[in-house]
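**Q** sequence first, predicted coordinates after that:
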Amino acid sequence: MITITLENEQVTCPEGTTLHELSQQYQGNYKYPIIVAKCDGVIQELYHEVTDGMRVEFCTTNTVDGTRVYRRGISMMVLKAMRKEIPLDKLEKVVIEFSLDTGYFCRVFGDVELNQDLIDRVEKRMRSYVERDIKFEKQVIRTRDAKDLFQSWNMKEKGNLMDYRRNSRMTIYNLGHYTNYFYGAMPYSTGILKSFRLELFEDGFVYILPKREDPTTMPEFHPSMKQYYSMKYTTDWSEKLNVSSIGDLNDTIVRGNFKELMLTQEALHEKRIGDIAVEIAKSGCRIVTIAGPSSSGKTTFSYRLSTQLRTLGLKPHPIGLDDYFVNREDTPKDADGKYDYECLEAIDTKLFNEDLNRLLNGEPVQVPTYNFISGLREYDKPVMQLGKEDILVIEGIHGLNDKLTYSIPRNEKYKIYISALTTLNIDYHNRIPTSQGRLLRRIIRDARTRGNSAQKTISMWSSVKRGEKKNIFPFQEEADATFNSALIYELAAMKLYADPLLFQVPKDCPEYSEAQHLLKFLDYFIPIDPHEVPLNSILREFIGGGILLG
């Protein structure tokens, strides 16, 4: 007999007991199905045996780690079913491209007619896999054998990825007679993957999954078309640059073609910013609002947009929403009793609108400054007065919400939504979540500018994302223009900054597994010298050394 710690209680079990056996025994204690476990802070699949003294924490399908595992399992079922329903001589490849609302957008290449009949047959076959409760079998083989295997199956991008693996051995998964490589842990078997739906969408299809908060209920699919077109535009450019996966990026770095790629990407950013500036000038709007989720590069974007506006004869003036916070004692509190600076009520919208209207009427206005130490509003800035060519550039979390600028007619405001939506994937079947790149940006920036540890930044991330879902994402379709701030090369540049910070996360804290997840992910990249990054790049907002923010 051995003793383990399960959810802070001492549990005795026979030597050789698996996590799966324990999960069946303790499932009644959990509302949602157990799909994976943390063992001493590290994610482990349920087929693993527990050892004496091990600390075990089960992850259900409504946890962050459980959701990832669920998605990987569904992905493998989709790919297996596609190969079964489409003749191999007709199917070139299936690519899982990016997330969209609660779904994942995929494209099918080859001599294939993608229609409702095919989608129905694929979904029906997937449901048969769930009914049969097929095990995901893990197999460790030599890396060079894995490369040969995937190249023989025309999965060249996976073989390319293996060229840069330092480990001599790697893990692949078998689902029946179908074999593939997946980044991260997989479910024990298909029986747990009951909730999903397939739908045709644009020139591909989506597989839709439940929301993490309620993993047993299937949601409606309401995609942001502006996000879709932004992702599609970026994906098309990635394909033109021949860099769609990490293996492609590593190839570019090794062959010495990195500078050309970097400068092309930066030029695309500048061109898009210039196009938006032209649209603003043509619109005649004198108020520009910029909003987007955390670590999207809003501040650098606003500086670069202002530069482009000046080239068109306009005079941009920035206004920070933070300076219109109500006094701290009047700030609403959240469910935990903490000040909620992210809600709209934390801003004095009445004063803000009064000042905007006075400025637009050509009246002199002294804009306030919020003192974060005293929690009080102060007036120490020079008086502002606008001329005919002057334009206000407002950056803040509520910029897309008309309630922020309720007194300004809609046709007099130009709204911009900015986000870092990476389309670079590990390979065709393993996508990089867009929030993962933003989290790495924030870890690096907060360590540099605020002295925060990676552990602290990771611990706050779930709260940050909750605020984004409430205050930003619902309004993105209101935008007149969208800007994708992701750079195809940025993860290779951030690796040297992020690795030391992530290695500092203690093993005995809740954030350890996320830090290990990010470290494993960054291990795929060949790093580049960050000094090569242009001084006005949006990436400089996070790694420092730029000419716009320092």
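**A** Sure thing, it's come through. Residues are numbered from 1 along each chain as shown.
**Q** show me how far the worst-scoring helix or strand of the chain on mean pLDDT is from its chain's centre.
**A** Ranked by mean pLDDT, DSSP states H and E, the weakest helix or strand in the chain is helix 156-162, scoring a mean of 83. Centroid separation for helix 156-162 versus its chain: 23 Å, with CA atoms, centre = their mean, to the nearest Å.
**Q** following it, which helix or strand comes up?
**A** Downstream of helix 156-162, the first helix or strand assigned by DSSP states H and E is strand 169-175.
**Q** could you say what helices and strands the next helix or strand after that next one packs with?
**A** As assigned by DSSP H and E, the chain's next helix or strand after strand 169-175 is strand 178-180. Packed against strand 178-180 by the contact rule (3 or more CB pairs under 8 Å, 6 or more residues apart in numbering; DSSP states H and E) you find helix 64-85, strand 169-175. Every residue, glycine included, has its C-beta placed from N, CA and C.
**Q** list the strands paired with strand 178-180, with their directions.
**A** Applying DSSP bridges to the sheet, strand 178-180 is found paired with strand 169-175 (antiparallel).
**Q** and the partner strand, how far from the chain's centre?
**A** Relative to its chain's centre, strand 169-175 lies at 26 Å (CA atoms, centre = their mean).
**Q** and the angle for that strand with helix 64-85?
**A** 60 degrees (axes from the mean of the first three to the mean of the last three CA atoms, to 10 degrees).
**Q** Glu389 - how many residues pack around it?
**A** By the measure other CB atoms under 10 Å, the count of residues near Glu389 is 13.
**Q** how near is the residue lying closest to it once chain neighbours are set aside to Glu131?
**A** Nearest residue to Glu389 in three dimensions, chain neighbours excluded: Lys315, at 5.0 Å (CB to CB, 6 or more residues apart in numbering). Per CB to CB, to the nearest Å, Lys315 is found 66 Å from Glu131.
**Q** can you check Glu57 too?
**A** For Glu57, the distance to Glu131 - CB to CB - is 30 Å.
**Q** how far away is Asp40 from His48?
**A** Going from Asp40 to His48 by CB to CB gives 11 Å.
**Q** how close does Val69 sit to Asn327?
**A** Here the criterion is CB to CB. By it, Val69 lies 46 Å from Asn327.
**Q** neighbour-wise, which of these two wins?
**A** Taking neighbours as other CB under 10 Å, Val69 and Asn327 compare with Val69 leading, 26 against 13.
**Q** so who does the more buried one touch?
**A** The neighbours of Val69, taking CB atoms under 8 Å, 6 or more residues apart in numbering as the test, are Ile35, Val36, Ile43, Cys59, Gly184, Ala185, Met186, Pro187.
**Q** so which of those residues comes closest to Gln10?
**A** Among the contacts of Val69, Cys59 lies closest to Gln10 (CB to CB), at 20.4 Å.
**Q** pretty sure the closest one is in a strand, no?
**A** Yes - using DSSP: H, G, I helix; E, B strand; the rest coil, the secondary structure at Cys59 is a strand.
**Q** for it, give its distance to Tyr104.
**A** For Cys59, the distance to Tyr104 - CB to CB - is 21 Å.
**Q** same check on Tyr228?
**A** The gap separating Tyr228 from Tyr104 is 12 Å, by CB to CB.
**Q** between the two, which is the more surrounded one?
**A** Just comparing Tyr228 and Tyr104: by other CB under 10 Å the higher neighbour count belongs to Tyr104, 20 against 16.
**Q** in its sheet, what does the host helix or strand of that one sit against?
**A** Assigned by DSSP H and E, Tyr104 belongs to strand 103-110. Strand 103-110 pairs in its sheet with strand 91-100 (antiparallel), strand 204-208 (antiparallel), by DSSP bridges.
**Q** out of those strands, flag the one nearest Met494.
**A** Proximity to Met494, assessed across these by CB to CB, is greatest for strand 91-100 (19.9 Å).
**Q** buried residues in that closest one?
**A** Of the residues in strand 91-100, Leu91, Lys93, Val94, Val95, Ile96, Glu97, Phe98, Ser99, Leu100 count as buried by neighbour count, 16 or more other CB atoms under 10 Å.
**Q** next: stretch 134-150.
**A** Per 16+ other CB under 10 Å, stretch 134-150 contains these buried residues: Ile134, Lys135, Phe136, Ala146, Lys147, Leu149, Phe150.
**Q** stretch 227-241 too?
**A** Residues of stretch 227-241 classed as buried: Gln227, Tyr228, Ser230, Met231, Lys232, Tyr233, Thr234, Thr235, Trp237, Ser238, Leu241 (neighbour count, 16+ other CB under 10 Å).
**Q** how about the first one, secondary structure?
**A** Each residue gets one of three states, and Gln227 gets helix by three-state DSSP.
**Q** wait, doesn't it sit right on Leu421?
**A** Yes - between Gln227 and Leu421 there is a contact at 7.0 Å, judged by CB atoms under 8 Å.
**Q** shaky segments in this protein?
**A** 550 (pLDDT under 70).
**Q** biggest helix in it by residues?
**A** The longest helix of the chain (DSSP state H) is helix 258-283.
**Q** can you name the next helix or strand after that helix?
**A** strand 287-291.
**Q** do you know how far Leu305 is from Tyr129?
**A** 49 Å.
**Q** check Cys106 too.
**A** In this view, Cys106 and Tyr129 are 17 Å apart by CB to CB.
**Q** before we move on, what about Gln516?
**A** Remark: distance between Gln516 and Tyr129 (CB to CB) = 30 Å.
**Q** dump the residue contacts of the residue nearest to Leu502 when sequence neighbours are not counted.
**A** Leaving aside its chain neighbours, Leu502 sits nearest to Ala515 (4.5 Å; criterion: CB to CB, 6+ apart). If a contact means CB under 8 Å, 6+ apart, then Ala515 has Ala454, Gln455, Ile458, Leu502, Phe503, Val505 as its contacts.
**Q** Ala515: helix or strand, and which one exactly?
**A** Using DSSP H and E, Ala515 maps to helix 512-522.
**Q** so how far is that helix from its chain's centroid?
**A** Helix 512-522 sits 15 Å away from the centroid of its parent chain (CA atoms, centre = their mean).
**Q** list the buried ones in that helix?
**A** Tyr512, Ser513, Glu514, Ala515, Gln516, His517, Leu518, Phe521, Leu522.
**Q** any chance of TSV for the buried residues of stretch 134-150, columns secondary structure?
**A** Formatted as TSV, the buried residues of stretch 134-150 follow (three-state DSSP):
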residue	secondary structure
Ile134	coil
Lys135	strand
Phe136	strand
Ala146	helix
Lys147	helix
Leu149	helix
Phe150	helix
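**Q** turn those residues into CSV, columns for distance to Leu440.
**A** CSV is the format used below for these (distance: CB to CB, whole Å):
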residue, distance to Leu440
Ile134, 35
Lys135, 34
Phe136, 28
Ala146, 27
Lys147, 28
Leu149, 31
Phe150, 27
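**Q** I appreciate the help and will end here.
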